[in-house]
Each structure stands twice: as structure tokens, then as C-alpha cells.
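*Asks:* Got a predicted structure here, sequence first:
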There are 2 protein chains.
Amino acid sequence: MTSRSLAFIGTGIMGRPMTLNLLKAGYSVAVYNKSKPPLEELGKAGAEVCGSTAEAASKADIIITCLPDSPDVEDVALGPDGILKGAKEGALYIDMSTISPAVSKKVAAALRGKSVRMLDAPVSGGDVGAREGTLSIMVGGEPADFEEAVPVFEAMGKTIVHVGENVGDGGYVKIANQIMVGLHIAAMSEALVLGSKAGVDPEKMMAALSGGLAQSRVLDLRGPNLVRGEFPAGFRIRLHRKDLRLAMEAGADLGVPIPATGQLYQMFTALLTAGRGELDHSGYATLIEDLAGHKVSGGV
Amino acid sequence: MTSRSLAFIGTGIMGRPMTLNLLKAGYSVAVYNKSKPPLEELGKAGAEVCGSTAEAASKADIIITCLPDSPDVEDVALGPDGILKGAKEGALYIDMSTISPAVSKKVAAALRGKSVRMLDAPVSGGDVGAREGTLSIMVGGEPADFEEAVPVFEAMGKTIVHVGENVGDGGYVKIANQIMVGLHIAAMSEALVLGSKAGVDPEKMMAALSGGLAQSRVLDLRGPNLVRGEFPAGFRIRLHRKDLRLAMEAGADLGVPIPATGQLYQMFTALLTAGRGELDHSGYATLIEDLAGHKVSGGV
């Protein structure tokens, strides 16, 4: 049990189970969301349902958001009925969305004018991690603010890393994570489709590759999807593509050319166009399989 | 000790220490190589120095080659003074080079006419692995031939995997390995240069990324090279580029488009043009660093 009162804005597929875990940990949580059904459920579970972001923010020492994209965070934080308007002076704002780090910095600067502190704290682990309270949380911001937030993070996640002292650092590490995971999926897809079409048994190939320098957690955990030819999400292609768009923006902003990621983004666009946005991101392999006229799982 | 007599053709940076390990294991080894200095050394160590491939092959139950590229193997195996000419009927030929699997199949077919059996058995682990006898060996060919060769492999390597029953399967898995390792290096390079130029500490970033789905053995073992800004080989860019050329050839032969690998090959060409062919393959990062005007190791 704790005396800190919380607000949670954005109780969708991630925010709803995260809020339930905060309630379970004994926090009082004021909630607001655009669509109403999750609010009713959270009200029954003990949350205080509010009529606006500003109202929820006004009741809290720590305000949390988990929203789809950069414009949503900008609107909820700085818009007319938002956090800037409602938050108490000295409150701490934690954005757990995956958005542009440049927007995180902009929001942090605007809130600083009202003495509202900010952390950016994007997560990985998906809706399963959100439900089970096993999210990985990558946090950027002042060390003292991070320390204050740790007990709250611990109610929602398992691996909590303070990656940097600037707001936005969490976002940059999340983007780096999505670049690597995406390219590891592309690498596995090209390697396994090539070897498999050449006639090598994919499971023997995976065993040989995992034993050496080619090992990746993506190969270990998602490789079996290719062998089965089934790609249940997991983390959806549609969402991974959004994160790669953030990588494109960050690369352009910072002056860092990221050619392999650029091509990967185009391939994710092809997957979306092909109607595969709801597949797990390892479903990237289906694009290489189509181009090669050969399925790793043995079909044609 | 064993009664099998061996021949080893191609006693260069890899073949020389591999032959020394075979001698140490008690085998009698007839050797031949284009350039003479390694032959003198091997002669002193107990090998029987021969004047041609055909002569060395004629003395052996098992003939091994370790050569730079596909045309070298074709020449040594099928050329006028080669294995086809010299080998005893029923001999076993093991090619441990990394070459085109299509060429391996062609050579195997030609040798079959003289009842010479063949395995393709490319290795990974570099010259350090060759010296220490810790190579990973990926073997394609008939199970009985593989079984016959296992004791010989065990004198040179640690991880010995029979990846498929066709000659060439070893080569396809080696190519798949090099695709994955190369793309993992590209992924790490883009992610770390982007995050680092954004101001995130690279070591904290690596720790956060290794803990999740972005983990790769490349990140764990080669990431520290980027942080130090030092790229001692290891496995050279020049050689990795050759293996990516084999991937290009295999993709084209088999009808498997491998777009990410294609771009990677272009970037390795850029590295060679920039005079960096002798750097470790993780030196790929220097290309992204140059383009970004920022070094992960902290310099500019």
C-alpha cells in the first residue's frame, strides 16, 4: 500500500491491464479514456472514472499515459483539457507510449513551465506482458524522478532500466530495440527461406545457426513460427511498422542514415499493403516466401 | 592413433593449423600447397610433402581441401593434376572451403564417376578456431560418409553438425550463417549509432537491448568493439564480403530474392572501397559512423 495517488490516461489494449495491475498493487487510480467501455470495467475494479484528462490529472501525484502515437500524446499532454491544464504543480508525468523522442522532449519542455516533471518510459512485452505485469520498461529522465517512479513501474513490469538522464532516451532505446528486432527477423527470414528452398531441413538449420555467432533471441523464439507456417501475434506487423516510422523520423532528425532500417520499413509497408498488418512481425517471412515461391513450412 | 591416411590440400591461414591438429591427433597426412613455406613447416612437423595434388591424393583414404574460393576448388578437384586424377577408387573427399554450393554439387557429381565420395564441410571460427581446434563444422552429404569423417572432424573442431544429406547443404547453412551474422552487425550498427548520436550512453543501451528480444550473440560479443572504436579481426570484412557474394549467387540460382542481404553486400563493397577490408566485420559500423558524422566510441 502506498500514499501516492495516480492517474492513468489511455486505457486501451496496453493501458487497461496496466491500470488493473496498479489497482491490484493498492494504488488509487483516476482514469480517463476516449472510449468508455474500458472505463466502466476499471470503475468496477476500483478506479475513479473521470470526465477528462485534466480532471484525472488534477487528482494525482503521478500521471501516466499509454497512447497510440506522437500526436495523441501531444494532444493529451498539452491540449485544452489536458495534463498541462489539470496537473498539480510538482506532479510527475510518465509517458509509457512509444512515440517520437523529439515530441517527448517538446512535451517535457512545455510541462516544465508549470513545474511538472516528466519521464519517458516506453515498454516492450506486448499485451501479454501488460496483463502479466512482466513488461520491460526503458526509462529516460532525471535520476530522482526515476527513483520516485520505480515502485509504480514495479507494479507493471519486470525489467526496469534507467537508460539515460534525458527525456526521450527511453524512446531512443525503444527505437533501437525495434530496429534490431526487425532486422533480426529479416535476417532469419532470408536465411531460412534460402536454405530451405535449397533443400536443407529448417529445424536442423536453426539448430546449427543458434549454436554459433548467428544466434539471436528472435531466431530462438520466433524461428519456430516459420517452421510451423503460423504467425499468431505476438507483436503485430502494423505496430512494428509504426515504430519503424519513428526510426525513420529519428534518423532524419538526428542526421543518422539507417539504410538497412529504411529498406525494412519499405518491406513492412509491402506487408501492410498485402493485408498482413495483424500477423506477428515474424510474418515478415511470408513476404520472402511469396517472392521465392517457397514456404519454409513445406507448402508451396 | 588411427589407420586412416589423410591428404590435406591448401595449407594456408586455415589449412595450416588444421593440418597441425590432424598430425597432433596421430594421423599420417600427405600435404600439398601452391606456396612452399607452409609445406616446409608441415614437413618438419611430420607431414609428407608432395609435389602435386594428385600425388597427395593418391596416398590417402580421406582427402581434405581448404581453399579460398569456388574456382580454386574446381581446379584442385577436377583439374589435370587434381583429386579426380590422383584419388584411389572409393576414397572420401572432404571440402572444408566456403564456396558456392552449386560448385560443390558439380564437383561431387564428377568425382562420383570415379567412385570418389564427397562431403562439403565449411567451417566457422576463423584462424583462432583453426589453431585451437574449436571450429564449428557444417557438413552436407551421405550419413555413412559423415560417420566415417567424424573422428577427423573431431581433431579440428568442436561443434560438428550434419546439416543435410546432400553435398552443398553445409555450404547453404554457412551462407545462411553469414547472412544472419552480417545483418545482425548492420542492425547493431544502425541502432547504436542512432541512439548514441541522440545522446544515450552506448553501454547502458547495450545492456537494455541484450536483456530483451533484441539480443544477439553479435551484440554480446562484437558490441564492445563499437564502444571501444576498435575493430581487430576476428573475421575480416574482405572475407565476409566474399561469403555475401556466394549468398548473392545462391539467391539468384535458387530464385530466392534476399533484398536485405543484397543491400548488405553493397555496403560491404563500400567498406572495401574505403580500404577497410582488413577490419573485423563489426567495423561495418564505421561506415554508418562516417555517414552520421558521429562515433559510438565518443570521438567525432
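*Replies:* Received the coordinates, thanks. All figures in this text were calculated on a predicted structure; none of them were measured in a lab.
*Asks:* from what I can see residue A:286 touches residue A:230, true?
*Replies:* No: using C-beta atoms under 8 Å as the test, residue A:286 is too far from residue A:230 to be in contact (10.6 Å). For glycine as for every other residue, the C-beta is placed from the backbone atoms N, C-alpha and C.
*Asks:* neighbour count winner among those two?
*Replies:* Legend: neighbour count by other C-beta atoms under 10 Å in any protein chain shown for residue A:286 and residue A:230, higher for residue A:286 (21 against 13).
*Asks:* which residues does the residue nearest to that one when sequence neighbours are not counted contact?
*Replies:* Spatial nearest neighbour of residue A:286, chain neighbours left out: residue A:276 (6.5 Å); criterion: C-beta to C-beta, 6 or more residues apart in numbering or on different chains. Residues counted as contacts of residue A:276 (C-beta atoms under 8 Å, 6 or more residues apart in numbering or on different chains) are A:237, A:283, A:286-287.
*Asks:* Distance of residue A:276 relative to residue A:241?
*Replies:* In this view, residue A:276 and residue A:241 are 10 Å apart by C-beta to C-beta, to the nearest Å.
*Asks:* before we move on, what about residue A:98?
*Replies:* Residue A:98 is 12 Å from residue A:241, by C-beta to C-beta.
*Asks:* Show me which of those two is the more surrounded one.
*Replies:* Set side by side, residue A:98 and residue A:241 show more neighbours around residue A:98, with 28 against 20, by other C-beta under 10 Å.
*Asks:* and the residue lying closest to that one once chain neighbours are set aside, how many neighbours does it have?
*Replies:* Closest residue to residue A:98 apart from its sequence neighbours, by C-beta to C-beta, 6+ apart: residue A:122 at 4.5 Å. By the other C-beta under 10 Å criterion, the neighbourhood of residue A:122 contains 28 residues.
*Asks:* where in the stretch 151-300 of chain A is pLDDT low?
*Replies:* A:299-300 (pLDDT under 70).
*Asks:* Now the residue in the stretch 1-150 of chain A that chain B sits nearest to: phi and psi?
*Replies:* Of all residues in the stretch 1-150 of chain A, residue A:136 sits closest to chain B, at 5.2 Å by C-beta to the nearest C-beta. Dihedral pair for residue A:136: phi -90, psi 130, per degrees, to the nearest 10.
*Asks:* thinking it is in contact with residue A:159, fair?
*Replies:* Yes: judged on C-beta under 8 Å, residue A:136 makes contact with residue A:159 at a distance of 4.2 Å.
*Asks:* between the two, who's got more neighbours?
*Replies:* residue A:136 (20 against 17).
*Asks:* Contacts only, for the more buried one.
*Replies:* With contact set as C-beta under 8 Å, 6+ apart, residue A:136 has these partners: A:123-125, A:129, A:157-161, B:208, B:211-212.
*Asks:* Kindly reformat these as TSV containing secondary structure and distance to residue B:7.
*Replies:* Listed next are the contacts of residue A:136 as TSV, based on DSSP: H, G, I helix; E, B strand; the rest coil; distance: C-beta to C-beta, whole Å:
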residue	secondary structure	distance to residue B:7
A:123	strand	59
A:124	strand	54
A:125	coil	56
A:129	helix	57
A:157	strand	60
A:158	strand	57
A:159	strand	54
A:160	strand	60
A:161	strand	55
B:208	helix	52
B:211	coil	49
B:212	coil	49
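*Asks:* Going by neighbour count, which of these are buried?
*Replies:* For the contacts of residue A:136, a neighbour count by 16 or more other C-beta atoms under 10 Å in any protein chain shown gives the buried set as A:123-125, A:129, A:157, A:159-161, B:208, B:211-212.
*Asks:* Quick one: residues contacting the closest residue to residue A:57 other than its chain neighbours.
*Replies:* The shortest distance from residue A:57 to any residue other than its chain neighbours is 3.6 Å, reached at residue A:86 (C-beta to C-beta, 6+ apart). With contact set as C-beta under 8 Å, 6+ apart, residue A:86 has these partners: A:52-58.
*Asks:* What's the ChimeraX syntax to select whichever of the residues you listed are buried?
*Replies:* In ChimeraX syntax, the buried subset of the contacts of residue A:86 is picked out as below (16+ other C-beta under 10 Å):
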select /A:53,54,55,56,57,58
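*Asks:* ok now do residue A:30, which residues does it touch?
*Replies:* Per C-beta under 8 Å, 6+ apart, neighbours of residue A:30: A:5-8, A:47-48, A:50, A:55-56, A:59-60.
*Asks:* Likewise for residue A:95?
*Replies:* With C-beta under 8 Å, 6+ apart, residue A:95 has these contacts: A:64-67, A:73, A:77, A:104, A:107, A:118-121.
*Asks:* Ok, residue A:230 next?
*Replies:* So residue A:230 contacts residue A:297 (C-beta under 8 Å, 6+ apart).
*Asks:* Quick check: phi and psi at it.
*Replies:* According to degrees, to the nearest 10, the main-chain angles of residue A:230 amount to phi -130, psi 140.
*Asks:* Same question for residue A:139.
*Replies:* phi -110, psi 130.
*Asks:* In this structure it contacts residue A:120, no?
*Replies:* Yes: between residue A:139 and residue A:120 a contact is recorded at 7.3 Å, counting by C-beta under 8 Å.
*Asks:* element containing residue A:17?
*Replies:* Assigned by DSSP states H and E, residue A:17 belongs to helix A:15-24.
*Asks:* Tell me the buried residues in that helix?
*Replies:* Quick answer for helix A:15-24 (16+ other C-beta under 10 Å): A:15-23.
*Asks:* Any idea what the nearest residue in space to residue A:125 that is not next to it in sequence is bridged to?
*Replies:* Distances taken as C-beta to C-beta, 6+ apart place residue A:135 nearest to residue A:125, at 4.2 Å, with adjacent residues excluded. Judged by DSSP bridges, the bridge partners of residue A:135 are residue A:157.
*Asks:* Can you check the pLDDT for residue A:135?
*Replies:* Residue A:135 is assigned a predicted lDDT (pLDDT) of 94.
*Asks:* what angle do the biggest helix by length in chain A and helix B:169-197 make?
*Replies:* Longest helix in chain A by number of residues (criterion: DSSP state H): helix A:169-197. Here helix A:169-197 points in a direction 170 degrees away from that of helix B:169-197 (axes from the mean of the first three to the mean of the last three C-alpha atoms, to 10 degrees).
*Asks:* ok, back up a step: distance from the helix holding residue A:17 to the middle of the chain?
*Replies:* Centroid separation between helix A:15-24 and its chain, computed with C-alpha atoms, centre = their mean, to the nearest Å, is 16 Å.
*Asks:* Following the chain past it, name the next helix or strand.
*Replies:* The helix or strand immediately downstream of helix A:15-24 is strand A:28-32, counting by DSSP H and E.
*Asks:* Pull up the pairing partners for that following strand, direction included.
*Replies:* Strand A:28-32 is paired, per DSSP bridges, with strand A:5-9 (parallel), strand A:48-49 (parallel).
*Asks:* for the ones you listed, which one ends up most surrounded?
*Replies:* strand A:5-9 (a mean of 26; mean count of other C-beta atoms under 10 Å in any protein chain shown).
*Asks:* Am I right that residue A:288 is in contact with residue B:261?
*Replies:* No: with contact defined as C-beta under 8 Å, residue A:288 does not reach residue B:261; the gap is 10.4 Å.
*Asks:* any chance of the buried residues of helix A:15-24 in a markdown table, plus distance to chain B and pLDDT?
*Replies:* As requested, the buried residues of helix A:15-24 are arranged in a markdown table below (distance: C-beta to the nearest C-beta, whole Å; pLDDT from 0 to 100):
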| residue | distance to chain B | pLDDT |
| --- | --- | --- |
| A:15 | 21 | 97 |
| A:16 | 23 | 97 |
| A:17 | 19 | 97 |
| A:18 | 18 | 98 |
| A:19 | 23 | 98 |
| A:20 | 23 | 98 |
| A:21 | 19 | 98 |
| A:22 | 22 | 98 |
| A:23 | 26 | 98 |
